[in-house]
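In: following is a predicted model, sequence given first.
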Amino acid sequence: YYNPTGSVKDRAAFYIINKLFEKKEINEKTTLIESSSGNFGIALSFISKFYNLKFICVVDPHILSVNEYLIRSLGAEIFKVNTPDMFGGYLLTRINKVNKLIKKISNSYWINQYSNPYNAEAYYKTLGNEICKDFENLDFVFIGVSSGGTITGVSRKLKEKYPNIKIIAVDILG
């Protein structure tokens, strides 16, 4: 029940948006913008709808059609980039589009899952704590790398309680 859209990214989306409101970095008229390949976009769409915020998700051709459908059905606007970046992927192209939108749209905020410290903090305070409460001892934990927030926050929390734990980063080939 901590993942209403089915992804661990729900924790970060909810935490980050609440933190931004608390710190007065956004308000009810702010347009949120993020680059996503799917799960974080879905989570942000869901939380944005809950708060009645406008959300723009920048995606690329690799997004699963079901994820694109979910993002749209939750009320987000989608911009899909189609030009690969210099490495053959789309991440840098998506980020470039986000930067253009931020400059163009007044009162907009880039969530920036890649470098926003609230992302890792969210997992430190949520999932990291949950795991620590459920286990007396852990030797290994396998965590998806994704944007880096989950592995950073969870591993930091787990290393505090289990100093000898081995963190195994999991990512897709390529």
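Out: Done, it's in. Numbering: from 1, shown residues only.

In: please make it C-alpha for all contacts and neighbour counts, starting now.
Out: Will do.

In: distance check, the residue most central in space within the chain against Lys166.
Out: Most central in the chain under C-alpha atoms, centre = their mean is Phe40, positioned 4.2 Å from the mean C-alpha point. According to C-alpha to C-alpha, to the nearest Å, Phe40 and Lys166 sit 26 Å apart.

In: which ones are touching Ile165?
Out: By C-alpha atoms under 8 Å, 6 or more residues apart in numbering, the contact set of Ile165 is Leu138, Asp139, Phe140, Val141, Leu158, Lys159.

In: burial count for the closest residue to the residue nearest to the centre of the chain other than its chain neighbours?
Out: Spatial nearest neighbour of Phe40, excluding adjacent residues (C-alpha to C-alpha, 6 or more residues apart in numbering): Lys9 at 5.3 Å. Using other C-alpha atoms under 10 Å, Lys9 has 25 other residues around it.

In: could you shift the numbering so residue one becomes 250, and keep it that way?
Out: Okay, using 250 as the starting number, the last item reads as Lys258.

In: state the pLDDT value of Lys258.
Out: According to the model's per-residue confidence, Lys258 sits at a pLDDT of 92.

In: so who does it touch?
Out: Going by C-alpha under 8 Å, 6+ apart, Lys258 touches Asn252, Asn288, Phe289, Ala292.

In: that older thread, among the contacts of Ile414, name the buried ones.
Out: The neighbour-count test (16 or more other C-alpha atoms under 10 Å) marks Leu387, Leu407 as buried among the contacts of Ile414.

In: wait, which of the contacts of Ile414 is closest to Lys268?
Out: Compare each of the contacts of Ile414 with Lys268 using C-alpha to C-alpha and the shortest gap goes to Leu407, at 22.5 Å.

In: excluding chain neighbours, what is closest to the closest one?
Out: With sequence-adjacent residues excluded and distances taken as C-alpha to C-alpha, 6+ apart, Leu407 is closest to Gly377, at 6.3 Å.
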